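Trainee: Please find the sequence and the predicted model below.
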Protein chains: 2
Amino acid sequence: MSELAKPTLDDVARAAGVSTATVSRCLNAPDLVIAATRERVMQAVEALGYTPDFGGRALASRRTNTVGAIIPTMDNAIFARGLQSFQEALSRFGKTLLVASSGYSPAREREQMEVMAGRGVDGMLLIGSARPEASVEFLRRRGIPFLGAWNLGGEDGYFVGFDNRAAAAGLTEAVLARGHRRLAMIAGITYMNDRAADRMEGVRSAAEQAGIGADQLPVIEAAYTFDDGAKAFGELMALSPRPTAVLCGNDVLAVGALQKARELGLRVPEDVSITGFDDIDLASVVDPKLTTVRVPHNRMGEAAAEMLIKLISKQPVERRIEIPTEIIERGTLGPPPADPAV
Amino acid sequence: MSELAKPTLDDVARAAGVSTATVSRCLNAPDLVIAATRERVMQAVEALGYTPDFGGRALASRRTNTVGAIIPTMDNAIFARGLQSFQEALSRFGKTLLVASSGYSPAREREQMEVMAGRGVDGMLLIGSARPEASVEFLRRRGIPFLGAWNLGGEDGYFVGFDNRAAAAGLTEAVLARGHRRLAMIAGITYMNDRAADRMEGVRSAAEQAGIGADQLPVIEAAYTFDDGAKAFGELMALSPRPTAVLCGNDVLAVGALQKARELGLRVPEDVSITGFDDIDLASVVDPKLTTVRVPHNRMGEAAAEMLIKLISKQPVERRIEIPTEIIERGTLGPPPADPAV
DNA sequence: ATATGGAGTGTAAGCGCTTACATTAGTTTG
DNA sequence: CAAACTAATGTAAGCGCTTACACTCCATAT
């Protein structure tokens, strides 16, 4: 019941009648110790309720079995889901997760990098690739292996993620195939957010391909909230000629748009089509259900864990792993209205 | 560009021409060092790109400035949101968050406790109070301060959370006030989950109060998915007499129920009323919008961080902080049908 | 002038662990 | 049967940091 002094390796060694080295070996490389001794040691460990001290271990071995993840925010289903899978996979490899959030700020991300570096993380998971070169340099200097996730990055570095650009282009093509010519987009904020930027690029390039120039494709950037999506949608609907299809950078914006459409008395998809991106739970709960792009965040989390583990243990790895996405056609995409209102 | 050996306190001391003790003091208690010296040291720190080594520091000071949180899963909006706020608040106090998930298993929770204890966390955040006594005992023995969150716990221990029982009872009273007499409940799984159990208890006691015994109140426990909510709702609707109001243990179940109702051709709330719990984003996105109980997870996360910090620094704290909840009446609760189908 | 005290800094002893190397005992081999 | 291994364990040197204590000044009190 009382707050016992924490037992140390020394205590265990004394109790088992062996040296500290032997105890250490029992814990880290059991094969080196003969069975009888090992058993005696393990009994002592059990009896004393010993658990190794992390600080001592980290100091002596120069390893921490810890990996860090810096995400924009946990309060976003897509990161939460990915992170959960990442953590589970890590845990299977005996690694612990250190989590920090940057709130989408490169400066805060850098701060957190330094905190984590100081804690001796063996590796680090970052989101995307849009960050100051100095931050990347910092990690390299420290020799900390790291990974960009959620997209596929640029020239160098390791990545596991999605081809956001191609997926957005694919979806746009599906919209065009239905006969829409007057498209519009509600994009996520693209500043220092390559996922949002890539999706925007994808839509633009597919439109261009179909002969719809950037000047004929209104785009509004909106923050990750229903309200901002709704507001942007309202602005788009006030345009003349009015777009017949609105592509949204994510499902949250799309749901906001959907709500606004109802409010405006516009039927979806009869009067206007709306598409999302991510396929979060929300997407199949609204009415009509969202036509969107499925992005398997949990598979990505797992793949990221595996890749990072390999990087840490210096096993060979591919530079980038692409997780395939999939267009999910549900109820919010239809043909354009026969006689579109102007 | 090359992978430099990480600079140590010694390097800084040498560069600044002082002893390691002085450097350490500059970093931890700057007031003890005269300005001129401090400046010289800080310059050396900057020049070498020094960051303190966590292992060394933890070993020498017996403090880690780390707190652990063990939650069932991040992949659940309510925990993700609470954890995000918790982490932000912690970060303001210079603490880092170690996250692990138990997947709702007491055994895995215990494992994670040991991992975290080994890492020398200064304190720990747990969810609820339903866990084997041995787990609690373990933490006490180790002298690790901890906190139950998301509910208000039992006799001893510290808690910051909600009175799930009272909130559920309050909602039930609102339902009864509309004239419903034939209630039913879709509860979360109550095994080792005090939040789910308390909510169930709350509904039962309020019903009892109104003369509706447990035998007249069908309850189905369902896992945290739309499908399970839908399935349970289907079973409930097959009952005779059919319930006129279905109280759900959380919003996810309620949304599942809502979908099933539509599928069955039942109008909500004209034919049957449905209520949720938590007020996650989903609740105000479905149609009609969910009548539910708002549970401010972010305020709770913050309060939890403050409480834990106090506990760690041995400041006096109240044993429990209750975060008030609020009934949000939206569209899924109405009066019972005049001539209820049987 | 001498004693006193406080401020600033240095010295050095660990914190609990891992691991290179040394030692011992037991097993093969020529 | 001695030499040469091999396997199991012990010895002890740190890993990078904090901090109790010691020391040196120099301002102030006597």
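Mentor: Sure thing, it's come through. Numbering: from 1, shown residues only, chains lettered A, B, ... in the order given.
Trainee: List the contacts of the strand or helix carrying residue A:228.
Mentor: Per DSSP states H and E: residue A:228 is located in helix A:226-237. By C-beta atoms under 8 Å, 6 or more residues apart in numbering or on different chains, the residues outside helix A:226-237 that reach it are A:184, A:186, A:218, A:220, A:222, A:242-243, A:246, A:248, A:252-257, A:259-261, A:263-264, A:266, A:272, A:274, B:281, B:285. No exception for glycine: its C-beta is placed from N, CA and C like everyone else's.
Trainee: What's the PyMOL syntax to select whichever of those are buried?
Mentor: In PyMOL syntax, the buried subset of the contacts of helix A:226-237 is picked out as below (16 or more other C-beta atoms under 10 Å in any protein chain shown):
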select buried, (chain A and resi 184+186+218+220+222+242+243+246+248+252+253+254+255+256+257+259+260+261+266+272+274) or (chain B and resi 281+285)
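Trainee: Cross the contacts of helix A:226-237 against strands and list the overlap.
Mentor: A:184, A:186, A:220, A:222, A:246, A:248, A:274 (DSSP state E).
Trainee: Looking at the residue nearest to the fourth one when sequence neighbours are not counted now. What's its pLDDT?
Mentor: Put plainly, it is residue A:222. Leaving aside its sequence neighbours, residue A:222 sits nearest to residue A:228 (C-beta to C-beta, 6 or more residues apart in numbering or on different chains; 3.9 Å). The confidence metric pLDDT takes the value 97 at residue A:228.
Trainee: again with residue A:94
Mentor: Value for residue A:94, per-residue pLDDT: 82.
Trainee: Quick one: low-confidence residue ranges for chain A.
Mentor: A:1-5, A:339-342 (pLDDT under 70).
Trainee: what do you get if the cut-off is 80, keeping everything else the same?
Mentor: Within chain A, the segments meeting pLDDT under 80 span A:1-5, A:153-155, A:339-342.
Trainee: So it: which segments form each domain?
Mentor: The record assigns chain A these domain ranges, following automatic domain parsing: A:9-52, A:66-162+A:297-324, A:164-295.
Trainee: Tell me which of those domains lies nearest to residue B:291.
Mentor: domain A:164-295 (16.3 Å; C-beta to C-beta).
Trainee: Identify the residue of the stretch 201-342 of chain A closest to DNA strand C, quick one.
Mentor: Residue nearest to DNA strand C within the stretch 201-342 of chain A: residue A:313 (13.9 Å; C-beta to the nearest atom of the strand).
Trainee: coming back round to it: of the contacts of helix A:226-237, which belong to helices?
Mentor: Among the contacts of helix A:226-237, the members found in helices (DSSP state H) are A:252-257, A:259-261, A:263.
Trainee: Including distance to chain B, could those go into CSV?
Mentor: Shown next, in CSV, are those (distance: C-beta to the nearest C-beta, whole Å):
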residue, distance to chain B
A:252, 8
A:253, 13
A:254, 11
A:255, 6
A:256, 9
A:257, 12
A:259, 7
A:260, 12
A:261, 12
A:263, 12
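Trainee: Between those, which sits nearest residue A:164?
Mentor: Proximity of these to residue A:164, judged by C-beta to C-beta, is greatest for residue A:253, which lies at 14.7 Å.
Trainee: Give me the distance between residue A:186 and residue B:210.
Mentor: From residue A:186 across to residue B:210, the span is 48 Å (C-beta to C-beta, to the nearest Å).
Trainee: What values do phi and psi take at residue A:323?
Mentor: The phi/psi pair for residue A:323 (degrees, to the nearest 10) reads phi -90, psi 120.
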